[in-house]
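In: give the three-dimensional model of this entry:
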Amino acid sequence: MIFLFAFLVSGVVCMIGQLILDYTKLTPGHVTSLFTVLGVVLSFLKIYEKFVSFAGAGATVIISNFGHLLYQAGIEGFHANGILGLFSGLLAKSSVAIVGAVIFSFVLAMMFQPRD
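Out: A predicted model of the protein is given here:
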């Protein structure tokens, strides 16, 4: 049943993103930022943890989870080391995602030719 919930939840989130793209003038960058900020807000309101426990991987693979992770890392770092811990916590948790995106982007850019 957890697989069904994960599939349905991530599918609904993707559908919402596609509807936003189809019926507004927002670009994919806007929608990505919107979902990331939404993840931060839901994490701040303590809703995202309930969302993850219900949907499992359906809530942890979507872009709003990146906002959730950034918020959690910032709070943990702030409680551990103050204001400087806020920034170091953000870098510690998000570095894997950022480095992965850079490496995969580079590899794909080397594999494919740009359009004219």
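In: which residues of the chain score low on pLDDT?
Out: Along the chain, the parts satisfying pLDDT under 70 run over 116.
In: list the contacts of stretch 96-110.
Out: Stretch 96-110 is contacted from outside by 66, 69, using C-beta atoms under 8 Å, 6 or more residues apart in numbering. (Each C-beta comes from the backbone N, C-alpha and C, glycine too.)
In: gap between that stretch and the chain center?
Out: Between the centre of stretch 96-110 and the centre of its chain there are 16 Å (C-alpha atoms, centre = their mean, to the nearest Å).
In: what's the answer for stretch 82-96, then?
Out: Centroid displacement of stretch 82-96 relative to its chain, using C-alpha atoms, centre = their mean, is 16 Å.
In: continuing past the strand or helix carrying Val31, what's the next helix or strand?
Out: Using DSSP states H and E, the element containing Val31 is helix 28-44. Later in the chain than helix 28-44, the nearest helix or strand by DSSP H and E is helix 48-55.
In: so which bits of that following helix are buried?
Out: By neighbour count with 16 or more other C-beta atoms under 10 Å, helix 48-55 contains the buried residues 48, 51-52, 55.
In: and the angle for that helix with helix 28-44?
Out: Counting by axes from the mean of the first three to the mean of the last three C-alpha atoms, to 10 degrees, helix 48-55 lies at 100 degrees to helix 28-44.
In: might you calculate how far helix 48-55 sits from the centre of the chain?
Out: Computed by C-alpha atoms, centre = their mean, the chain-centroid distance of helix 48-55 equals 14 Å.
In: can you check the distance spanned by stretch 14-33, start to finish?
Out: 14 Å (C-alpha to C-alpha, to the nearest Å).
In: kindly report the same for stretch 45-61.
Out: 20 Å.
In: go on, stretch 38-52?
Out: End residues of stretch 38-52 are separated by 14 Å (C-alpha to C-alpha).
In: I appreciate the help and will end here.
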